[in-house]
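*Asks:* The sequence and its predicted three-dimensional model are supplied below.
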Amino acid sequence: MSRLLTGFKPTGHMHLGNLLGAIRPIVARQDGNRTTVMIVDLHAMTVPHTPATLRELSMEVAGLLLASGVDASQFYLQSQVPEHTELHYLLECVTSYGEAHRMIQFKEKGGSGSRLALLTYPVLMAADILLHDTDEVPVGEDQLQHIELTRSVAQRFNNLYGTTFAVPKGVSPLFAARVMDLSDPARKMGKTGSTDTGSIRLLDEPEVIRRKVMRAVTDTLSTVHYDPAEQPGVSNLLSILAGCTGRTPGGLAGQFTTYGGLKEAVADAVVEVVRPIQERYAELDPGQVRKELAAGAEQAREVASVTVRRAKQAIGLVMG
């Protein structure tokens, strides 16, 4: 049984890329693997934020995970498991400034006025992973650097203080994981950074979804082929349709002769995929969601506390 971990950062509204690239694979694999799903609210504080919005988005993510079929016993809020920050500090003691400073997010967004947390959060991410003896972490190319840091820190800790951590590996998501912005297919659909018209939110109304898909960028070639390099917009639509239907983008391409027909099919498929999720989400009781989160955090601490105790003992702290 593999031990997998996935985290969702509550910095914006959940979108179709989250569903196809992360949530659906979690649901598909959770019965045969030990899967831990975190809402990484501490990571959301590396940049300026509004407290009320952070709480609202954290609860929205939790509700959508439940509504999408994620096992309630396997997910929790990162901030409700204090072992994350405890292990974070222990790992900082074996991580160099240079390693943290080389992380791509800090190089792109950091500076003298940025929060210190933006520099150190990759080490917190390493703590998130190592806390659960994780074997595999599904990541896109933009996160591979963080997995390599986690592996380096774990191996260094093990070499210095004795075998303490399992050394995880990053695994590639499925083809539909990289859903691109409908208005700008050169960039990934995201909670932040995407245009409002280019990102399909999981809670968008059906007519909004249809409008966004029908306005999606294509090209002037007037042919439907799966060719991300030459036809990125069309290929993105085919990937979305494939992710919704369980088929391959190349196999679907031959069914369409016009972009309008492809867009109609994509809009229909997306609406059908999100409809049951939206219905279940609307029925959720916020109080029950909080109880599920608390129960998940309590279960996570059973594993996390053992890992932290092992690390503290190995590094030389006096145990009570």
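*Replies:* On my side now, so go ahead.

*Asks:* hey, let's count contacts and neighbours off CA atoms from now on
*Replies:* Noted.

*Asks:* how deep is E108 tucked in, by neighbour count?
*Replies:* Counted with other CA atoms under 10 Å, residues neighbouring E108 total 8.

*Asks:* Same check on Y259?
*Replies:* With other CA under 10 Å as criterion, Y259 counts 19.

*Asks:* residue contacts, it?
*Replies:* Residues in contact with Y259, defined by CA atoms under 8 Å, 6 or more residues apart in numbering, are T218, S222, T223, V224, V234.

*Asks:* Reformat those as CSV; add neighbour count, secondary structure and distance to V306.
*Replies:* Below are those laid out as CSV (neighbours: other CA atoms under 10 Å; DSSP: H, G, I helix; E, B strand; the rest coil; distance: CA to CA, whole Å):
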residue, neighbour count, secondary structure, distance to V306
T218, 21, coil, 52
S222, 11, coil, 59
T223, 15, coil, 57
V224, 21, coil, 54
V234, 27, helix, 49
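
*Asks:* my guess is V81 contacts A297, does it?
*Replies:* Yes: between V81 and A297 there is a contact under CA atoms under 8 Å: 5.9 Å.

*Asks:* re the thing from before, if we only consider the contacts of Y259, which is nearest to L64?
*Replies:* V234 (28.2 Å; CA to CA).

*Asks:* ok, that closest one - contacts?
*Replies:* By CA under 8 Å, 6+ apart, the residues touching V234 are V217, T218, D219, V224, H225, Y226, P228, Y259.

*Asks:* show me where the stretch 51-200 of the chain has helices.
*Replies:* Using DSSP state H, counting those that start in this stretch, the helices of the stretch 51-200 of the chain run over 51-67, 83-92, 97-101, 104-109, 116-130, 144-161.

*Asks:* okay, the ones you listed, which one's buried deepest?
*Replies:* Sort those by mean neighbour count, taking mean count of other CA atoms under 10 Å, and helix 116-130 sits at the top with a mean of 23.

*Asks:* got the contact list for it?
*Replies:* With CA under 8 Å, 6+ apart as the test, helix 116-130 has contacts from 5, 43, 45-47, 84-85, 87-88, 91-92, 95, 100-101, 103, 105-106, 110, 137, 146-147, 149-150, 153-154, 165-168.

*Asks:* what residues does stretch 219-229 touch?
*Replies:* 231, 233-236, 238, 249-250, 253-254, 256-259.

*Asks:* buried residues in it?
*Replies:* Within stretch 219-229, the residues scored as buried using 16 or more other CA atoms under 10 Å are V224, H225, Y226, D227.

*Asks:* Low-confidence stretches in the stretch 151-300 of the chain?
*Replies:* Residue ranges of the stretch 151-300 of the chain with pLDDT under 70: 172-177, 193-194.

*Asks:* at 90 what do you get?
*Replies:* 169-178, 188, 190-196 (pLDDT under 90).

*Asks:* Show me where it has its strands.
*Replies:* Secondary structure of the stretch 151-300 of the chain (DSSP state E, counting those that start in this stretch): strands at 169-171.

*Asks:* follow-up on the earlier one: any chance of a markdown table for the helices of the stretch 51-200 of the chain, columns distance to V274?
*Replies:* Output for those, formatted as a markdown table (distance: least, CA to CA, whole Å):
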| stretch | distance to V274 |
| --- | --- |
| helix 51-67 | 10 |
| helix 83-92 | 33 |
| helix 97-101 | 38 |
| helix 104-109 | 31 |
| helix 116-130 | 29 |
| helix 144-161 | 29 |
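
*Asks:* Comparing those helices by mean pLDDT, which bottoms out?
*Replies:* Among these, helix 104-109 has the lowest mean pLDDT, at a mean of 74.

*Asks:* what about L4, is that helix, strand or coil?
*Replies:* Look at L4: counting by DSSP: H, G, I helix; E, B strand; the rest coil, its state is strand.

*Asks:* That one touches E136, doesn't it?
*Replies:* Yes: here L4 lies in contact with E136, judged by CA under 8 Å, at a distance of 4.9 Å.

*Asks:* Pick out whichever of those two has more residues nearby.
*Replies:* L4 (25 against 20).
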